[in-house]
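sequence first, then the predicted structure, then my questions.
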Amino acid sequence: MPNHEETFLSCVFLDPTIMFKTRLSDYHFYKTDTCRLFKAMQSCVDLGVKIDYISVGDRDPYLDRKYAPMIADIAPSAANWKFYEAYIVQDYQRRQLVKIGTRLQDIGKGDPVTFIGDAERELLELSTNNKTQAVKKISEVGAETVARIQEREKLHGKIPGISTGLNGLDLMTGGLQDDRLVVIGARPSDGKSALALNMCCHIAMVEKIPCGLISAESSNVEICTRVICSEGHIAGGRLMTGVMGAVDLQNLLEVGAKIKEAMLYLYDTPNIKFSELKSVARQMVSMYGCKVIFIDYIQIVQWENQSLPRHEQVAEISKGLKQLARELKVPIVTLAQLRRDAEGREPEMADLGDSSQIEKDADALLFIYHPKVKEGEAEKSLLLVKKNRDGAKGAVRVVFRREYVKFYEEERE
(Lines give C-alpha, C1' and ligand atoms only; values in the text may rest on other atoms or scores of the structure.)
Protein backbone atom coordinates (compact mmCIF):
# COMPACT_ATOMS: atom_id res chain seq x y z
CA MET A 1 0.00 0.00 0.00
CA PRO A 2 1.44 3.39 -0.98
CA ASN A 3 2.59 5.68 1.86
CA HIS A 4 2.16 9.45 2.13
CA GLU A 5 5.56 10.17 0.61
CA GLU A 6 4.82 8.10 -2.50
CA THR A 7 1.31 9.53 -2.89
CA PHE A 8 2.66 13.09 -2.62
CA LEU A 9 5.23 12.39 -5.36
CA SER A 10 2.48 10.88 -7.50
CA CYS A 11 0.62 14.21 -7.16
CA VAL A 12 3.74 15.99 -8.42
CA PHE A 13 3.75 13.82 -11.56
CA LEU A 14 0.13 14.90 -12.16
CA ASP A 15 0.81 18.59 -11.36
CA PRO A 16 4.52 19.55 -11.55
CA THR A 17 3.76 23.12 -10.37
CA ILE A 18 3.46 21.65 -6.86
CA MET A 19 7.27 21.74 -6.73
CA PHE A 20 7.09 25.54 -6.76
CA LYS A 21 4.52 25.64 -3.95
CA THR A 22 5.57 22.94 -1.51
CA ARG A 23 7.47 23.64 1.71
CA LEU A 24 9.16 20.23 1.56
CA SER A 25 12.85 19.62 1.05
CA ASP A 26 14.61 16.31 0.45
CA TYR A 27 15.47 15.94 4.14
CA HIS A 28 11.75 15.65 4.97
CA PHE A 29 11.59 12.24 3.25
CA TYR A 30 12.31 9.11 5.26
CA LYS A 31 12.50 6.41 2.58
CA THR A 32 15.63 6.36 0.45
CA ASP A 33 13.72 5.84 -2.82
CA THR A 34 11.26 8.69 -2.21
CA CYS A 35 14.09 11.00 -1.20
CA ARG A 36 16.03 10.17 -4.39
CA LEU A 37 12.91 10.67 -6.50
CA PHE A 38 12.15 14.06 -4.91
CA LYS A 39 15.73 15.21 -5.49
CA ALA A 40 15.47 14.09 -9.13
CA MET A 41 12.29 16.14 -9.47
CA GLN A 42 14.11 19.15 -7.98
CA SER A 43 16.86 18.64 -10.53
CA CYS A 44 14.29 18.69 -13.35
CA VAL A 45 12.91 21.97 -12.02
CA ASP A 46 16.41 23.47 -11.81
CA LEU A 47 17.16 22.49 -15.43
CA GLY A 48 13.75 23.53 -16.74
CA VAL A 49 12.98 19.95 -17.79
CA LYS A 50 9.44 18.57 -17.75
CA ILE A 51 8.82 16.27 -14.77
CA ASP A 52 7.88 12.78 -15.95
CA TYR A 53 9.13 9.31 -15.06
CA ILE A 54 11.56 9.28 -17.99
CA SER A 55 13.25 12.62 -17.17
CA VAL A 56 13.56 11.88 -13.44
CA GLY A 57 15.20 8.55 -14.35
CA ASP A 58 17.73 10.46 -16.45
CA ARG A 59 18.52 12.73 -13.49
CA ASP A 60 19.42 9.83 -11.18
CA PRO A 61 20.97 6.72 -12.78
CA TYR A 62 20.74 4.85 -9.46
CA LEU A 63 16.96 5.23 -9.30
CA ASP A 64 15.09 2.03 -10.22
CA ARG A 65 13.62 2.62 -13.69
CA LYS A 66 10.45 0.77 -12.71
CA TYR A 67 9.94 2.83 -9.53
CA ALA A 68 9.01 6.19 -11.06
CA PRO A 69 6.29 4.79 -13.42
CA MET A 70 4.83 2.86 -10.50
CA ILE A 71 4.67 6.05 -8.36
CA ALA A 72 3.17 8.06 -11.21
CA ASP A 73 0.08 5.83 -11.27
CA ILE A 74 -0.74 5.96 -7.54
CA ALA A 75 -2.76 9.18 -7.10
CA PRO A 76 -6.01 9.62 -9.06
CA SER A 77 -5.82 13.41 -8.58
CA ALA A 78 -3.35 16.06 -7.40
CA ALA A 79 -6.05 17.97 -5.53
CA ASN A 80 -5.08 16.65 -2.07
CA TRP A 81 -1.31 17.15 -2.27
CA LYS A 82 -1.29 19.50 0.77
CA PHE A 83 -2.89 16.75 2.86
CA TYR A 84 0.00 14.38 2.07
CA GLU A 85 2.54 17.15 2.50
CA ALA A 86 1.27 17.81 6.05
CA TYR A 87 1.65 14.13 6.96
CA ILE A 88 5.23 14.08 5.65
CA VAL A 89 6.09 17.13 7.79
CA GLN A 90 4.53 15.55 10.88
CA ASP A 91 6.45 12.29 10.35
CA TYR A 92 9.66 14.30 9.95
CA GLN A 93 8.96 16.21 13.17
CA ARG A 94 8.40 12.96 15.06
CA ARG A 95 11.73 11.58 13.84
CA GLN A 96 13.54 14.76 14.85
CA LEU A 97 11.99 14.68 18.33
CA VAL A 98 13.26 11.13 18.79
CA LYS A 99 16.77 12.25 17.72
CA ILE A 100 16.72 15.20 20.13
CA GLY A 101 15.61 12.96 22.96
CA THR A 102 18.31 10.41 22.16
CA ARG A 103 21.03 13.07 22.15
CA LEU A 104 19.85 14.44 25.49
CA GLN A 105 20.07 10.93 26.96
CA ASP A 106 23.67 10.60 25.80
CA ILE A 107 25.14 13.92 26.95
CA GLY A 108 27.62 12.13 29.23
CA LYS A 109 30.16 14.67 30.44
CA GLY A 110 29.12 17.31 27.95
CA ASP A 111 27.93 20.80 28.91
CA PRO A 112 24.18 20.52 29.74
CA VAL A 113 23.58 24.21 28.97
CA THR A 114 24.88 23.76 25.41
CA PHE A 115 22.74 20.67 24.84
CA ILE A 116 19.65 22.41 26.24
CA GLY A 117 20.23 25.46 24.06
CA ASP A 118 20.61 23.35 20.93
CA ALA A 119 17.51 21.32 21.81
CA GLU A 120 15.43 24.45 22.40
CA ARG A 121 16.52 25.91 19.05
CA GLU A 122 15.65 22.69 17.22
CA LEU A 123 12.31 22.42 19.00
CA LEU A 124 11.44 26.00 18.09
CA GLU A 125 12.32 25.33 14.45
CA LEU A 126 10.12 22.23 14.47
CA SER A 127 7.20 24.05 16.10
CA THR A 128 7.27 26.82 13.50
CA ASN A 129 7.90 24.43 10.59
CA ASN A 130 10.89 26.46 9.50
CA LYS A 131 12.22 25.51 6.08
CA THR A 132 15.84 25.95 5.15
CA GLN A 133 16.18 29.28 3.37
CA ALA A 134 16.94 29.07 -0.32
CA VAL A 135 18.29 31.56 -2.83
CA LYS A 136 15.35 33.35 -4.39
CA LYS A 137 14.92 35.47 -7.48
CA ILE A 138 13.67 38.95 -6.65
CA SER A 139 10.43 38.34 -8.55
CA GLU A 140 9.58 35.61 -6.00
CA VAL A 141 9.90 38.13 -3.17
CA GLY A 142 8.34 41.06 -5.03
CA ALA A 143 4.67 40.18 -4.50
CA GLU A 144 5.16 39.70 -0.76
CA THR A 145 7.09 42.98 -0.48
CA VAL A 146 4.45 44.96 -2.39
CA ALA A 147 1.72 43.41 -0.21
CA ARG A 148 3.61 44.45 2.92
CA ILE A 149 3.95 48.04 1.65
CA GLN A 150 0.25 48.11 0.80
CA GLU A 151 -0.54 46.96 4.34
CA ARG A 152 1.56 49.82 5.69
CA GLU A 153 -0.36 52.26 3.49
CA LYS A 154 -3.56 51.12 5.20
CA LEU A 155 -2.07 52.20 8.53
CA HIS A 156 -2.59 55.85 7.45
CA GLY A 157 0.60 57.08 9.08
CA LYS A 158 0.65 54.68 12.03
CA ILE A 159 4.03 53.11 12.71
CA PRO A 160 4.63 49.57 11.40
CA GLY A 161 6.46 48.42 14.53
CA ILE A 162 5.77 48.38 18.28
CA SER A 163 5.51 51.84 19.86
CA THR A 164 8.21 52.89 22.32
CA GLY A 165 5.89 55.42 23.97
CA LEU A 166 7.92 58.33 22.55
CA ASN A 167 6.15 59.61 19.44
CA GLY A 168 9.14 61.48 18.05
CA LEU A 169 11.29 58.36 18.25
CA ASP A 170 8.54 56.20 16.74
CA LEU A 171 8.11 58.54 13.78
CA MET A 172 11.84 58.47 13.10
CA THR A 173 12.39 54.72 13.46
CA GLY A 174 8.95 53.25 12.70
CA GLY A 175 8.87 51.73 16.19
CA LEU A 176 10.48 48.45 17.21
CA GLN A 177 10.24 46.18 14.18
CA ASP A 178 10.55 42.40 13.89
CA ASP A 179 13.96 40.83 13.18
CA ARG A 180 15.74 44.04 14.19
CA LEU A 181 18.58 44.57 16.64
CA VAL A 182 18.23 47.96 18.36
CA VAL A 183 21.10 49.30 20.50
CA ILE A 184 20.69 52.02 23.14
CA GLY A 185 24.07 53.45 24.16
CA ALA A 186 24.95 55.72 27.08
CA ARG A 187 27.48 56.32 29.81
CA PRO A 188 26.76 54.91 33.30
CA SER A 189 23.94 56.73 35.14
CA ASP A 190 22.81 58.53 31.99
CA GLY A 191 19.50 56.63 31.99
CA LYS A 192 19.82 53.79 29.50
CA SER A 193 18.19 51.30 31.90
CA ALA A 194 15.49 53.87 32.69
CA LEU A 195 14.76 54.44 29.00
CA ALA A 196 14.54 50.70 28.31
CA LEU A 197 12.24 50.20 31.30
CA ASN A 198 10.03 53.12 30.20
CA MET A 199 9.66 51.42 26.81
CA CYS A 200 8.92 48.05 28.46
CA CYS A 201 6.19 49.60 30.62
CA HIS A 202 4.57 51.35 27.67
CA ILE A 203 4.60 48.17 25.59
CA ALA A 204 3.29 45.92 28.37
CA MET A 205 0.90 48.31 30.14
CA VAL A 206 -0.37 50.65 27.42
CA GLU A 207 -0.02 48.67 24.21
CA LYS A 208 -0.90 45.43 26.10
CA ILE A 209 1.82 43.54 24.21
CA PRO A 210 3.84 40.85 26.02
CA CYS A 211 7.39 42.07 26.56
CA GLY A 212 10.50 40.41 28.03
CA LEU A 213 13.36 41.99 29.97
CA ILE A 214 16.57 40.05 30.67
CA SER A 215 18.75 41.90 33.16
CA ALA A 216 22.29 40.99 34.10
CA GLU A 217 22.71 44.20 36.12
CA SER A 218 19.60 44.77 38.28
CA SER A 219 17.50 42.36 40.33
CA ASN A 220 13.80 41.84 39.67
CA VAL A 221 12.96 43.73 42.88
CA GLU A 222 15.09 46.71 41.79
CA ILE A 223 13.39 46.69 38.38
CA CYS A 224 9.93 46.58 39.95
CA THR A 225 10.86 49.46 42.30
CA ARG A 226 11.87 51.56 39.29
CA VAL A 227 8.58 50.70 37.59
CA ILE A 228 6.73 51.99 40.66
CA CYS A 229 8.80 55.20 40.58
CA SER A 230 8.29 55.89 36.88
CA GLU A 231 4.70 54.75 36.44
CA GLY A 232 3.49 55.99 39.86
CA HIS A 233 5.38 59.32 39.68
CA ILE A 234 6.79 58.66 43.13
CA ALA A 235 10.29 59.96 43.84
CA GLY A 236 12.78 57.18 44.48
CA GLY A 237 14.03 58.84 47.66
CA ARG A 238 10.55 58.76 49.20
CA LEU A 239 10.17 55.09 48.30
CA MET A 240 13.52 54.30 49.88
CA THR A 241 12.80 56.09 53.15
CA GLY A 242 9.11 55.18 53.27
CA VAL A 243 8.20 58.84 53.88
CA MET A 244 5.23 59.17 51.54
CA GLY A 245 2.22 61.44 51.54
CA ALA A 246 -1.40 60.65 50.75
CA VAL A 247 -0.90 61.30 47.02
CA ASP A 248 2.09 58.95 46.94
CA LEU A 249 0.11 56.21 48.66
CA GLN A 250 -2.77 56.62 46.23
CA ASN A 251 -0.34 56.49 43.29
CA LEU A 252 1.23 53.37 44.80
CA LEU A 253 -2.14 51.60 44.87
CA GLU A 254 -2.87 52.60 41.27
CA VAL A 255 0.50 51.50 39.90
CA GLY A 256 0.21 48.26 41.87
CA ALA A 257 -3.01 47.49 40.01
CA LYS A 258 -1.29 48.24 36.69
CA ILE A 259 1.63 45.99 37.56
CA LYS A 260 -0.76 43.17 38.42
CA GLU A 261 -2.13 43.21 34.86
CA ALA A 262 1.13 44.02 33.05
CA MET A 263 2.42 41.51 30.50
CA LEU A 264 6.04 42.23 31.39
CA TYR A 265 8.23 39.17 32.01
CA LEU A 266 11.48 39.55 33.94
CA TYR A 267 14.60 37.41 34.23
CA ASP A 268 17.53 38.55 36.35
CA THR A 269 20.84 36.82 36.86
CA PRO A 270 24.38 38.20 37.30
CA ASN A 271 27.12 37.07 34.91
CA ILE A 272 24.59 35.49 32.53
CA LYS A 273 26.13 33.38 29.77
CA PHE A 274 25.02 33.95 26.21
CA SER A 275 23.75 30.37 25.87
CA GLU A 276 21.51 30.94 28.91
CA LEU A 277 20.33 34.28 27.51
CA LYS A 278 19.31 32.60 24.24
CA SER A 279 17.45 29.90 26.14
CA VAL A 280 15.53 32.46 28.23
CA ALA A 281 14.68 34.57 25.16
CA ARG A 282 13.31 31.52 23.35
CA GLN A 283 11.19 30.64 26.37
CA MET A 284 9.84 34.19 26.60
CA VAL A 285 8.77 34.08 22.96
CA SER A 286 7.47 30.51 22.76
CA MET A 287 5.91 30.15 26.23
CA TYR A 288 4.81 33.71 27.08
CA GLY A 289 4.25 35.17 23.62
CA CYS A 290 6.70 38.06 24.06
CA LYS A 291 6.85 40.26 20.96
CA VAL A 292 10.00 42.16 21.96
CA ILE A 293 13.01 41.31 24.14
CA PHE A 294 15.12 43.86 26.08
CA ILE A 295 18.63 43.04 27.36
CA ASP A 296 20.45 45.04 30.04
CA TYR A 297 23.25 45.11 28.92
CA ILE A 298 25.44 43.61 26.17
CA GLN A 299 28.93 44.10 27.65
CA ILE A 300 27.99 42.33 30.89
CA VAL A 301 26.86 39.15 29.12
CA GLN A 302 29.44 36.34 29.29
CA TRP A 303 30.65 34.43 26.23
CA GLU A 304 31.22 30.68 26.58
CA ASN A 305 34.85 30.81 25.48
CA GLN A 306 36.46 32.97 28.17
CA SER A 307 39.92 32.53 26.65
CA LEU A 308 39.10 34.95 23.84
CA PRO A 309 40.00 38.64 24.23
CA ARG A 310 37.07 40.60 25.64
CA HIS A 311 36.46 42.58 22.44
CA GLU A 312 36.14 39.30 20.50
CA GLN A 313 33.70 37.93 23.07
CA VAL A 314 31.49 41.03 22.78
CA ALA A 315 31.69 40.80 18.98
CA GLU A 316 30.44 37.20 19.09
CA ILE A 317 27.63 38.17 21.47
CA SER A 318 26.61 41.04 19.17
CA LYS A 319 26.49 38.77 16.12
CA GLY A 320 24.59 36.20 18.19
CA LEU A 321 21.94 38.75 19.20
CA LYS A 322 21.47 39.76 15.58
CA GLN A 323 20.96 36.10 14.61
CA LEU A 324 18.62 35.57 17.57
CA ALA A 325 16.38 38.45 16.47
CA ARG A 326 16.03 36.86 13.04
CA GLU A 327 15.47 33.40 14.50
CA LEU A 328 12.74 34.55 16.91
CA LYS A 329 11.30 37.11 14.45
CA VAL A 330 11.00 39.76 17.17
CA PRO A 331 12.89 43.00 17.83
CA ILE A 332 15.72 42.68 20.33
CA VAL A 333 16.72 45.86 22.17
CA THR A 334 20.06 45.73 23.94
CA LEU A 335 21.70 48.39 26.06
CA ALA A 336 25.38 49.18 25.61
CA GLN A 337 27.96 51.03 27.65
CA LEU A 338 29.97 53.84 26.05
CA ARG A 339 33.67 54.45 26.52
CA ARG A 340 34.89 56.76 29.27
CA ASP A 341 36.11 59.42 26.82
CA ALA A 342 32.51 59.95 25.63
CA GLU A 343 31.76 61.64 28.97
CA GLY A 344 30.41 65.19 28.66
CA ARG A 345 30.16 65.36 24.87
CA GLU A 346 27.83 64.22 22.13
CA PRO A 347 28.46 60.48 21.61
CA GLU A 348 29.30 58.89 18.29
CA MET A 349 29.06 55.31 17.02
CA ALA A 350 32.77 54.81 17.59
CA ASP A 351 32.20 55.37 21.33
CA LEU A 352 30.57 51.96 21.83
CA GLY A 353 32.68 50.10 24.35
CA ASP A 354 34.59 46.83 23.85
CA SER A 355 33.74 46.12 20.21
CA SER A 356 33.05 47.94 16.95
CA GLN A 357 31.01 44.91 15.89
CA ILE A 358 28.02 46.27 17.82
CA GLU A 359 27.60 49.25 15.50
CA LYS A 360 27.90 46.95 12.47
CA ASP A 361 25.20 44.55 13.68
CA ALA A 362 22.73 47.17 14.92
CA ASP A 363 19.76 47.95 12.67
CA ALA A 364 19.03 51.03 14.75
CA LEU A 365 21.46 52.74 17.10
CA LEU A 366 20.53 55.56 19.44
CA PHE A 367 22.41 57.39 22.17
CA ILE A 368 21.28 59.29 25.25
CA TYR A 369 22.91 62.72 25.50
CA HIS A 370 22.43 65.21 28.34
CA PRO A 371 23.67 68.71 27.43
CA LYS A 372 24.70 70.68 30.50
CA VAL A 373 21.88 72.59 32.25
CA LYS A 374 21.73 74.95 35.19
CA GLU A 375 21.49 73.39 38.61
CA GLY A 376 17.90 72.66 39.63
CA GLU A 377 16.55 72.56 36.05
CA ALA A 378 15.06 69.44 34.50
CA GLU A 379 17.50 67.77 32.16
CA LYS A 380 16.72 68.71 28.57
CA SER A 381 18.04 65.57 26.95
CA LEU A 382 18.43 64.27 23.43
CA LEU A 383 17.91 60.80 22.00
CA LEU A 384 20.34 60.76 19.09
CA VAL A 385 19.44 58.30 16.32
CA LYS A 386 22.87 57.74 14.77
CA LYS A 387 21.99 54.70 12.65
CA ASN A 388 18.67 53.65 11.18
CA ARG A 389 18.60 51.16 8.31
CA ASP A 390 15.13 52.02 7.05
CA GLY A 391 14.52 55.56 8.23
CA ALA A 392 15.82 58.95 9.17
CA LYS A 393 18.61 59.90 11.55
CA GLY A 394 18.39 62.82 13.90
CA ALA A 395 17.63 63.99 17.44
CA VAL A 396 14.50 63.57 19.55
CA ARG A 397 14.10 66.08 22.40
CA VAL A 398 13.09 64.56 25.74
CA VAL A 399 13.16 65.46 29.43
CA PHE A 400 14.76 63.09 31.95
CA ARG A 401 13.37 63.27 35.49
CA ARG A 402 15.87 61.32 37.56
CA GLU A 403 13.74 61.27 40.70
CA TYR A 404 11.05 59.38 38.77
CA VAL A 405 13.50 57.38 36.60
CA LYS A 406 11.40 58.61 33.67
CA PHE A 407 11.88 60.06 30.20
CA TYR A 408 9.13 62.35 28.90
CA GLU A 409 8.54 63.86 25.50
CA GLU A 410 9.52 67.51 25.85
CA GLU A 411 6.09 68.86 24.92
CA ARG A 412 4.35 66.46 27.32
CA GLU A 413 6.59 66.99 30.36
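That came through fine.

grab the nearest non-local neighbour of L197.
Distance criterion Cβ to Cβ, 6 or more residues apart in numbering; nearest residue to L197, sequence neighbours excluded, is R226 at 5.6 Å. (C-beta placed from N, C-alpha, C; glycine too.)

before we move on, what about L338?
Among residues not flanking L338 along the chain, D351 sits closest, at 4.6 Å (Cβ to Cβ, 6+ apart).

burial count for the one you found?
As a burial measure, D351 scores 22 neighbours (other Cβ atoms under 10 Å).

do A119 as well
Other residues lying near A119 total 16 when counted by other Cβ under 10 Å.

pretty sure it contacts T102?
No: using Cβ atoms under 8 Å as the test, A119 is too far from T102 to be in contact (11.1 Å).

mind listing the helices for the stretch 101-250 of the chain?
For the stretch 101-250 of the chain, helices defined by DSSP state H, counting those that start in this stretch occupy the ranges 112-127, 138-153, 167-173, 192-201, 220-232, 236-241, 246-261.

winner for burial among these?
Stretch with highest mean neighbour count among the helices of the stretch 101-250 of the chain: helix 192-201 (a mean of 24; mean count of other Cβ atoms under 10 Å).

now A395: phi and psi?
The phi and psi values for A395, taken as degrees, to the nearest 10, are phi -120, psi 140.

excluding covalently adjacent residues, which one is nearest to it?
Counting by Cβ to Cβ, 6+ apart, L382 is the residue found nearest to A395 once chain neighbours are left out, at 4.7 Å.

can I take it that the one you found is in a helix?
No: read with DSSP: H, G, I helix; E, B strand; the rest coil, L382 is strand and lies in no helix.

give me the neighbour count for it.
As a burial measure, L382 scores 18 neighbours (other Cβ under 10 Å).

over to E316?
By other Cβ under 10 Å, 16 other residues sit near E316.

ok, it touching L308?
Yes: counting by Cβ under 8 Å, E316 does reach L308; the two are 7.5 Å apart.

which element, helix or strand, includes K278?
For K278, the element it lies in under DSSP states H and E is helix 274-288.

and that helix, how far out from the chain's middle?
With Cα atoms, centre = their mean, to the nearest Å as the basis, helix 274-288 stands 10 Å off its chain's centre.

tell me the contacts of T22?
T22 makes contact with 81, 85 under the criterion Cβ atoms under 8 Å, 6 or more residues apart in numbering.

now swap in S219 and tell me
Shown in contact with S219 (Cβ under 8 Å, 6+ apart): D268.

next one: it from T17, what distance?
Distance, S219 to T17, by Cβ to Cβ, to the nearest Å: 58 Å.

tell me the domain boundaries of this protein?
For the chain, automatic domain parsing gives the domain ranges 4-125, 162-412.

what about the strands in the protein?
Assigned by DSSP state E, the strands in the chain fall at 181-186, 211-215, 264-268, 293-296, 332-337, 364-369, 379-388, 394-401, 406-409.
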